[in-house]
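Engineer: Mind looking at a prediction? Sequence and model below.
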Amino acid sequence: AAKIINTKKLSTRDFQKLEREARICRKLQHPNIVRLHDSIAEEGFHYLVCDLVTGGELFEDIVAREYYSEADASHCIQQILESVEHCHKNLIAHRDLEPENLLLASKLRGAAVKLADLGLAIELDNGEQLVLAFAGTPGYLSPEVLRKDPYGKPVDIWACGVILYILLVGYPPFWDEDQHRLYSQIKAGAYDYPSPEWDTVTPEAKNLIDSMLTVNPGKRISACQALKHPWIQNRDRYASAMHRQETVDCLKKFNARRKLKGAILTTMLATRNFSKRFSKSSTERENKTICLSMVQGGSQEKATRTLQQKKDNGIKESPEGSTMEEDDLRVKKQDIVKMTETLLEAINVGDFGSYTKLCDPHITCFVFEPEGFVIEGGDFHKFYFDTLWNKNTRNRNVSILHPRVHLLGDDSAPIAYVRLTQFI
């Protein structure tokens with residue numbers, strides 16, 4: 001596989017980042033890390049030739065399994081920790097450990113977990129800690145990064161602790177719609193093990209999480225020490241083999257939310273780039289907003305929020321002393337996500353009353369017939385609620401797959417999704 005970078009408009013700093021990523025990738029040769037085979041520079045383009053990884057995301061694979069246990073989670077985190085340990089032995093901090101960067105080598109059962117995307121990875125000088133480099137994804141940032149303290153290898157262990165928590169119950173240890181409250185939780189290390197989902201998790205698993213999510217980085221467990229933990233080293237004895245269906249169900253929702261956020265942010269970035277190219281003034285660019293045309297709340301409240309990253313859901317990198325390239329486009333994506341999730345939940349449970357409260361009363365629906373026609377209003381939708389979602393309907397299993405945001409204009413973008421319904 002090849003990562004192709006258009007270098008025609010790259011700044012000097014961007015070139016330095018590209019060279020840093022290639023240099024770091026060359027150092028790392030490990031079965032659980034996507035390997036760089038070659039780096040080719042040509043006029044206008046740079047090619048990074050890497051392993052072809054065909055298994056998709058680890059978290060997506062887990063929800064498709066017929067059986068998933070605590071022991072499986074132990075095996076997953078072991079492979080992740082082995083890749084992190086290799087990075088740390090080579091004086092590399094990854095700084096961007098999150099589900100999107102955990103891939104499977106192939107679709108074969110038991111395929112190796114591969115750590116990917118070293119774009120934010122950084123070299124450490126004889127293990128010395130870094131200073132004033134704010135990087136990562138919000139839910140996985142460590143307390144020392146948020147406090148703007150010097151930091152180093154332990155930031156990766158904190159992210160591993162967050163990932164392990166999700167692997168065991170399907171939701172993250174730190175969560176809040178408001179990013180400031182989320183950061184306060186992280187800095188205080190304010191997480192717990194709610195009942196009943198954590199009642200069936202072994203004490204050894206919780207002990208490893210506690211060792212990883214230690215607020216003081218000096219007292220946090222290292223990757224080498226974590227790999228020697230009984231829950232990993234002796235999983236047959238300490239890790240439960242019971243199937244965790246509740247975890248799989250929660251992880252499906254977690255994955256859907258990640259995909260939705262990614263789709264929204266992709267559209268936000270596309271809107272920003274479009275605005276930069278075609279809008280007449282910087283004032284107009286700063287006022288560009290995105291909303292859900294199909295949801296009343298989304299269109300009436302021109303939600304805004306600072307965009308501080310270049311790809312996924314959250315801050316990726318804000319280098320010391322630098323200014324992010326016009327990251328003044330403000331879109332309050334939490335409101336969009338929350339509104340859409342409420343809408344999808346109303347559809348899932350067949351609650352037509354809640355559905356009509358959220359949707360524009362003049363919502364239109366295109367019905368594909370030989371000639372095609374458009375129906376205005378909710379009557380057509382009510383027909384489907386009454387016939388497909390009433391109490392007499394057979395048991396069903398509904399999955400919302402990969403929500404996507406479609407850009408209609410500078411201030412309008414509906415979210416579309418594929419709904420698969422399996423009758424049992």
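Structural biologist: Happy to help now that I have it.
Engineer: Please report the distance of residue 95 from residue 208.
Structural biologist: Distance of residue 95 to residue 208, computed by CB to CB, to the nearest Å: 22 Å. Any C-beta I mention is one placed from the backbone N, CA and C, and that applies to glycine too.
Engineer: between the two, who's got more neighbours?
Structural biologist: Set residue 95 next to residue 208 and count neighbours by other CB atoms under 10 Å: residue 95 wins out with 27 against 24.
Engineer: Just read off the phi/psi values of the more buried one.
Structural biologist: phi 70, psi 0 (degrees, to the nearest 10).
Engineer: Which residues are in contact with the closest residue to residue 36 other than its chain neighbours?
Structural biologist: Distances taken as CB to CB, 6 or more residues apart in numbering place residue 25 nearest to residue 36, at 3.5 Å, with adjacent residues excluded. Counting by CB atoms under 8 Å, 6 or more residues apart in numbering, residue 25 makes contact with 35-36, 39, 48, 50, 118.
Engineer: pretty sure residue 226 is in a strand, no?
Structural biologist: No - if the criterion is DSSP: H, G, I helix; E, B strand; the rest coil, then residue 226 is helix and not within a strand.
Engineer: need the contact list for it.
Structural biologist: Neighbour list for residue 226: 81, 157, 160, 208, 211-212, 232 [criterion: CB under 8 Å, 6+ apart].
Engineer: Okay, and which of the residues you listed map to helices?
Structural biologist: Mapping the contacts of residue 226 onto helices (DSSP state H) picks out 81, 157, 160, 208, 211-212, 232.
Engineer: which of the residues you listed lies closest to residue 241?
Structural biologist: Distance to residue 241 across these (CB to CB) is lowest for residue 232, with 14.9 Å.
Engineer: surely that closest one meets residue 82?
Structural biologist: No - here residue 232 lies out of contact with residue 82, judged by CB atoms under 8 Å, at a distance of 9.9 Å.
Engineer: sorry, back to before: any chance of the ones in helices among the contacts of residue 226 in JSON lines, plus pLDDT?
Structural biologist: JSON lines is the format used below for these (pLDDT from 0 to 100):
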{"residue": "81", "pLDDT": "97"}
{"residue": "157", "pLDDT": "97"}
{"residue": "160", "pLDDT": "97"}
{"residue": "208", "pLDDT": "97"}
{"residue": "211", "pLDDT": "97"}
{"residue": "212", "pLDDT": "97"}
{"residue": "232", "pLDDT": "96"}
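Engineer: a markdown table for these, including distance to residue 185?
Structural biologist: Listed next are the ones in helices among the contacts of residue 226 as a markdown table, based on distance: CB to CB, whole Å:
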| residue | distance to residue 185 |
| --- | --- |
| 81 | 24 |
| 157 | 18 |
| 160 | 18 |
| 208 | 20 |
| 211 | 19 |
| 212 | 16 |
| 232 | 27 |
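Engineer: Pick out the most distant pair among these.
Structural biologist: 157 and 232 (13.4 Å).
Engineer: between the two, which one's more packed in?
Structural biologist: It is residue 157, of residue 157 and residue 232, that has more neighbours when counted by other CB under 10 Å, with 25 against 20.
Engineer: So that one is in contact with residue 224, correct?
Structural biologist: No - using CB under 8 Å, residue 157 is not in contact with residue 224, being 10.4 Å away.
Engineer: what about the residue nearest to residue 36, helix or strand, and which?
Structural biologist: Per DSSP states H and E: residue 25 is located in helix 12-27.
Engineer: next SSE after that helix?
Structural biologist: strand 36-42.
Engineer: Identify each buried residue in that next one, please.
Structural biologist: Neighbour counts using 16 or more other CB atoms under 10 Å place 36, 39 of strand 36-42 among the buried residues.
Engineer: what's the angle from that strand to helix 12-27?
Structural biologist: Taking axes from the mean of the first three to the mean of the last three CA atoms, to 10 degrees, strand 36-42 and helix 12-27 form an angle of 150 degrees between their directions.
Engineer: contacting residues around strand 36-42?
Structural biologist: Residues outside strand 36-42 that contact it (CB under 8 Å, 6+ apart) are 7, 22, 25-26, 28, 46-51.
Engineer: ok, now with 10 Å
Structural biologist: In this structure, residues lying in contact with strand 36-42 by CB atoms under 10 Å, 6 or more residues apart in numbering are 1-5, 7, 15, 18-19, 21-29, 46-52, 118.
Engineer: where exactly do the helices run in the stretch 101-250 of the chain?
Structural biologist: With DSSP state H, counting those that start in this stretch, the ranges of helices along the stretch 101-250 of the chain come out as 143-146, 154-169, 179-188, 203-212, 223-227, 230-233, 235-238, 245-278.
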